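*Asks:* next come a sequence and a model predicted from it.
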Amino acid sequence: MIELTIDGNQVSVESGTKILDAALSLGISIPTMCHNGELPHFTSCMICMVKEGKGGKLITSCSVKATQGMSITTLDDEIREARKTALDLLLSDHVGDCQAPCQTSCPAHMDIPLMNFLLAEGKFSEAYDVVIKDIALPSILGRICPAPCEGACRRKSVDAAVSICLLKRFTGDSPTPPPTPTSTPVTRHSSLVTSSSLVSSSSLVTHPSSLPQIAIIGSGPHGLSAAWYLQQYGYQCTIFDNNPLPGGGLRYSVPRDKLPEEVLDREIDRIRNAGAIFLMSTEIGLDRLKELEIEFDAVVHPLEKAPKMAIKASALGKEAALKIHNKLRGQPVTDEHRNFHSHFGRLTEVEHPEYMKESVPGERVEPAGGIPQGMTPQEVMTEAARCMHCECRKPDTCLLRIYAHEYGADQKRYHSLVRKPVTKQFQHDTVVFEPQKCIKCSICVRITAKHQEEFGLTFIGRGFDVVIGVPFSESIRKGLTHTAEEAANSCPTGALAMKRWRL
Ligand code: SF4
Ligand code: SF4
Ligand code: SF4
């Protein structure tokens, strides 16, 4: 047996054990993307670096064997920087969007590709669930949003942007069941006011006083959105507004021909029916605000400066709701999780056919009955199918993305001026291969060799130009005859992924 020290902990391991495995036996996890215990070893990603001895020599823990008396440090500033550099280099020629540009440019970060996918399949109720997760007022915003998502839509460079806003509006206008609460509320503490002490309007609903109470100042898109999500989390919301009717700028600034009153009232009624109490014609000055902060479990502060776009105000209302929810259940009050995001510039003409592989040809659908009527279900399915699905297939499980976030990687640090054109290989029945997302870890190569594929996958070319491919220029279908699923599920990035990944 060999004895060594890892991060100050003594451990005995069998001769021949790699440092990575010795650390794991102590419960210390070292990041790696190319290591797979089931496969022959191959060092490539270089993010498993650790330091050996007092001299602090950096070594790769997946390839170096433990030796008697070794002293290993698995994380410090220098190791962190070395891992970041390895990630920066891997990302320098990585071409992919972790999230589609439409989603990153939507202030509410709605999952637009998923909405489009479901609408194209006629799954309207499921599509509504996707929208309402991030946008509390889909019918209203589907009429008045300037649609920054459509400005960023990649389909625009092929012919015309997907009509995202009208699609979203359709989901809001369709009759759908109300979503169930997403979380259990915290228990209300006893010194606070009961809802009965707040009642001053005949339209109020009676609620159990055990629910935590939230005061919301202002019933514009910010307040309405905050109320909707707080009600979903399980809180009792009371909205104060000095106007006689709720809606704020939506009611008092937006022209009625653009946003009909019945649409506004319908979405507000949904929030009222979810349990929110509206106290209208109620001025909240500074003194009263201080009282509310004592009387309620939490108060949402009107925005100091109203954003120009209602969607931005609505997104901030959603964020405020999450912050309050986290605060009241004792979790860190941080901004909504902002993950690492790989992205590239415009599509070039040569890439249009590659992106159209996940779409259908056809001009942007204009509603036959005109914009005020909106789209019919058939029009919705046709238009949603125009989406090219620019999103990655492994946004939540890709190790490159996870570690890039953890180590603060910078995709631009070493990036070359000329990027490789995106290609998407769809010849296989079950998997898709996107070589420009490949980090050449060779896990797929080793899987095909282990299971004796006739052609399998291999390294093709030399040096910086090396790529993973099927020998003799055969298609991916011939390379992966019985190992496709295992290779796709083992690939640490979105390079090799299941075709029907959403199902
Ligand atoms: S492969 Fe990973 S890093 Fe690349 S686009 Fe997909 S999720 Fe992002
Ligand atoms: S084509 Fe689809 S996924 Fe791509 S940007 Fe447009 S709406 Fe988003
Ligand atoms: S395609 Fe193969 S070599 Fe490339 S990242 Fe995925 S598993 Fe690794």
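*Replies:* Looks like it arrived, so ask away. Ligands and ions are numbered 1, 2, ... in the order given.
*Asks:* V11 contacts T5, correct?
*Replies:* Yes - taking contacts as Cβ atoms under 8 Å, V11 lies within contact range of T5: 7.5 Å. Bear in mind the C-beta positions are built from the backbone N, C-alpha and C, glycine included.
*Asks:* neighbour count: those two, which is higher?
*Replies:* V11 (18 against 13; other Cβ atoms under 10 Å).
*Asks:* residue contacts, that one?
*Replies:* If you count contacts by Cβ atoms under 8 Å, 6 or more residues apart in numbering, V11 has them with 3-5, 22, 25-26.
*Asks:* at 6 Å what do you get?
*Replies:* By Cβ atoms under 6 Å, 6 or more residues apart in numbering, the contact set of V11 is 22, 26.
*Asks:* the one helix or strand it maps to pairs with which strands?
*Replies:* Using DSSP states H and E, the element containing V11 is strand 9-13. Strand 9-13 has its sheet partners listed here by DSSP bridges as strand 2-6 (antiparallel).
*Asks:* just how off-centre is the partner strand within its chain?
*Replies:* Relative to its chain's centre, strand 2-6 lies at 41 Å (Cα atoms, centre = their mean, to the nearest Å).
*Asks:* contacts for that strand?
*Replies:* Contact partners of strand 2-6, identified using Cβ under 6 Å, 6+ apart, comprise 12-13, 15, 23, 26, 66, 68, 70-72.
*Asks:* 10 Å instead?
*Replies:* 10-17, 19, 22-26, 28, 30, 50, 52, 61, 65-74 (Cβ atoms under 10 Å, 6 or more residues apart in numbering).
*Asks:* buried subset of those residues?
*Replies:* Neighbour counting over these (16 or more other Cβ atoms under 10 Å) leaves 11, 13, 17, 19, 22-24, 28, 30, 50, 52, 61, 66, 70, 72-74 as the buried ones.
*Asks:* help me confirm that L58 is found in a helix?
*Replies:* No - counting by DSSP: H, G, I helix; E, B strand; the rest coil, L58 is not part of a helix but strand.
*Asks:* how many neighbours does S92 have?
*Replies:* If we define neighbours as other Cβ under 10 Å, then S92 has 15 of them.
*Asks:* residues contacting it?
*Replies:* S92 sits in contact with 410-416, 419, where contact means Cβ under 10 Å, 6+ apart.
*Asks:* now do C398
*Replies:* By Cβ under 10 Å, 6+ apart, the contact set of C398 is 33, 96, 98, 340, 342, 392, 404, 437, 491-495, 497.
*Asks:* and for I217?
*Replies:* I217 neighbours (Cβ under 10 Å, 6+ apart): 223, 226, 239-242, 282, 284, 288-289, 292, 299-303.
*Asks:* any idea of the mean pLDDT in the top helix by length along the chain?
*Replies:* Using DSSP state H to define each element, the chain has its longest helix at helix 310-328. Taken as a whole, helix 310-328 carries a mean pLDDT of 94.
*Asks:* ok, stretch 255-263 next?
*Replies:* Mean per-residue pLDDT for stretch 255-263: 96.
*Asks:* still on that earlier bit, from the contacts of strand 2-6, which land in strands?
*Replies:* Using DSSP state E, the members of the contacts of strand 2-6 that fall in strands are 10-13, 50, 52, 71-73.
*Asks:* nearest to ligand 3 among those?
*Replies:* If you rank the ones in strands among the contacts of strand 2-6 by distance to ligand 3 using Cβ to the nearest ligand atom, V50 comes first, at 22.3 Å.
*Asks:* the closest one contacts I19, doesn't it?
*Replies:* Yes - using Cβ atoms under 10 Å, V50 is in contact with I19, at 6.3 Å.
*Asks:* give the intersection of the neighbour lists for these two.
*Replies:* 6, 30, 59-62, 64, 72, 74.
*Asks:* below-threshold pLDDT in the stretch 301-450 of the chain: ranges please.
*Replies:* 335-337 (pLDDT under 70).
*Asks:* endpoints of stretch 378-393, how far apart?
*Replies:* End-to-end distance of stretch 378-393 (Cα to Cα, to the nearest Å): 27 Å.
*Asks:* verify the stated contact: M388 with M356.
*Replies:* Yes - between M388 and M356 there is a contact at 6.5 Å, judged by Cβ under 10 Å.
*Asks:* who's more crowded, these two?
*Replies:* Counted by other Cβ under 10 Å, M388 and M356 do not tie: M388 has more neighbours, with 22 against 15.
*Asks:* in a helix, that one, correct?
*Replies:* No - counting by three-state DSSP, M388 falls outside a helix, being coil.
*Asks:* phi first, then psi, for it.
*Replies:* phi -90, psi 0 (degrees, to the nearest 10).
*Asks:* distance of it from S342?
*Replies:* 17 Å (Cβ to Cβ, to the nearest Å).
*Asks:* closest to G362 out of the ones in strands among the contacts of strand 2-6?
*Replies:* V50 (54.3 Å; Cβ to Cβ).
*Asks:* hey, what's that closest one bridged with?
*Replies:* Beta-bridge partners of V50, as defined by DSSP bridges: I59.
*Asks:* mind listing the strands for the stretch 301-450 of the chain?
*Replies:* Taking DSSP state E, counting those that start in this stretch to define them, one finds strands in the stretch 301-450 of the chain at 431-433.
*Asks:* what residues does it have near ligand 3?
*Replies:* Residues of the stretch 301-450 of the chain lying close to ligand 3 by Cβ under 6 Å from any ligand atom are 438-444.
*Asks:* where does the stretch 151-300 of the chain dip in pLDDT?
*Replies:* Short version for the stretch 151-300 of the chain, where the test is pLDDT under 70: 176-209.
*Asks:* for it, which residue gets nearest to ligand 3?
*Replies:* Closest point on the stretch 151-300 of the chain to ligand 3, by Cβ to the nearest ligand atom, is R154, at 23.0 Å.
*Asks:* burial measure for that residue, as a count.
*Replies:* When neighbours are defined as other Cβ under 10 Å, R154 has 22 of them.
*Asks:* ok, it - contacts?
*Replies:* Neighbours of R154 in contact, by Cβ under 10 Å, 6+ apart: 97, 100-102, 161-162, 346-347, 351-352, 355, 359, 387-390.
*Asks:* ok, of those, which one's closest to ligand 1?
*Replies:* Using Cβ to the nearest ligand atom, the contacts of R154 come closest to ligand 1 at D97, 5.7 Å.
*Asks:* OK, contacts around that closest one?
*Replies:* 103-104, 154, 341-344, 390-392, 395, 422, 437, 494.
*Asks:* which of those are close to ligand 1?
*Replies:* Filtering the contacts of D97 for proximity to ligand 1 by Cβ under 6 Å from any ligand atom leaves 342, 392, 395, 437, 494.
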